[in-house]
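**Student:** Quick one, fold the following:
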Amino acid sequence: MRQASIKIGNRQVGDRQPVYIIAEIGINHNGSLEIAKKLIDGAKLAGCDAVKFQKRTPELCVPRDQWHIERDTPWGRMTYIDYRYKVEFSLEDYAEIDRYCREKHIDWFASCWDEEAVDFMEQFDPPAYKAASASLTDLDLLTKKKNTGRPLIISTGMSTMQEIIDAVDSLGTENLLIAHATSTYPCPVTELNLRMINTLKTMYPMCHIGYSGHETGLAPTWAAVALGATFIERHITLDRAMWGSDQAASVEITGLMQLVRNIRDIEQSLGDGIKRVYESELGPRKKLRRVKADLNV
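**Tutor:** Prediction:
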């Protein structure tokens, strides 16, 4: 039996609840608190329920053989490990994000890429954790998040079915949400495979299934909602032309507003599946039906 709903922040996430919409800021802030706040403002304006960041401890997440590889960045040429630190927010930055999101009444949490990052985030009492697709086979990290007792959302991009099964078997289904995803940025529509949402719902009837989209358009996300996704995650940006690997696969604020508005229309239009004659149909029924019948039969 599926858990009726799972509480994230002040929202219930479940089959008969409004779709929980997560605006993934990720690292699209490019290390700028000002940009992060503008993205939070945009997410709130669009009607999203949460914004999400990515938190890494660079020396634990970057393989040592890549630390000193140089690359061009908006801040000049620098080593990869220095770049990773450049786009990481400090404790003071996150304290300001925490204050700002509380002021705006929008949830915030993070995908933590290592155990130290989980310990770091715990001081902000996050309403949930997310595990990136790249972390699905990192069972120690998944367990660390699960053991906090907070809801855990796992993404299933770049993964085999067996890897998904192993992760769920390891974690158990309580307080677990599963997001279908394809980890290509941007993802062509031919590789979105949205019917995996149905496959996951059948495999894991105890869990709520959602969708993390990396396509450039909006229609596949709406289709995911129509297929029964109970939560949605999309990367957001101020400008898809900005520097950064995730920007091109992100939704700008005007697009995000359209995305959320239509999701709310879709979830209302899906109804409950029980056939009824609406009051608004009685006039046309009386006028147009040649063979009358008793409505109560």
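**Student:** For the most centrally placed residue in the chain, list each beta-bridge partner.
**Tutor:** When C-alpha atoms, centre = their mean is applied to the chain, the residue found nearest the centroid is residue 233 (2.5 Å). Beta bridges link residue 233 to residue 22, residue 212, judged by DSSP bridges.
**Student:** right, and it touches residue 212 too?
**Tutor:** Yes - judged on C-beta atoms under 8 Å, residue 233 makes contact with residue 212 at a distance of 4.2 Å. To be clear about C-beta, it is placed using only N, CA and C from the backbone, and glycine gets the same treatment.
**Student:** list residues touching both of those two?
**Tutor:** Shared contacts of residue 233 and residue 212 (C-beta atoms under 8 Å, 6 or more residues apart in numbering): 24, 179.
**Student:** for the stretch 101-250 of the chain, what spans make up the strands?
**Tutor:** Remark: strands assigned in the stretch 101-250 of the chain by DSSP state E, counting those that start in this stretch are 107-112, 129-131, 152-155, 176-181, 208-213, 231-237.
**Student:** Tell me which other helices or strands the helix or strand hosting residue 100 touches.
**Tutor:** Following DSSP states H and E, one finds residue 100 within helix 91-104. With contacts defined as 3 or more C-beta pairs under 8 Å, 6 or more residues apart in numbering; DSSP states H and E, helix 91-104 has these neighbours: helix 33-46, strand 107-112.
**Student:** For the nearest residue to residue 221 once chain neighbours are set aside, give me its contacts.
**Tutor:** Excluding its sequence neighbours, the residue lying closest to residue 221 (C-beta to C-beta, 6 or more residues apart in numbering) is residue 213, at 4.9 Å. Residues counted as contacts of residue 213 (C-beta under 8 Å, 6+ apart) are 181, 187, 192, 220-221, 224, 232-234.
**Student:** Quick check on those: which are buried?
**Tutor:** 181, 187, 192, 220-221, 224, 232-234 (16 or more other C-beta atoms under 10 Å).
**Student:** Can you tell me what sits against stretch 192-211?
**Tutor:** Under C-beta under 8 Å, 6+ apart, the answer for stretch 192-211 is 1-3, 5-6, 13-15, 20, 153, 156, 164, 168, 173-174, 176-182, 213, 215, 220-221, 223-225, 227-233.
**Student:** Please report how far residue 289 lies from residue 276.
**Tutor:** 16 Å (C-beta to C-beta, to the nearest Å).
**Student:** And residue 124, by the same measure?
**Tutor:** As for residue 124, its distance to residue 276 is 46 Å (criterion: C-beta to C-beta).
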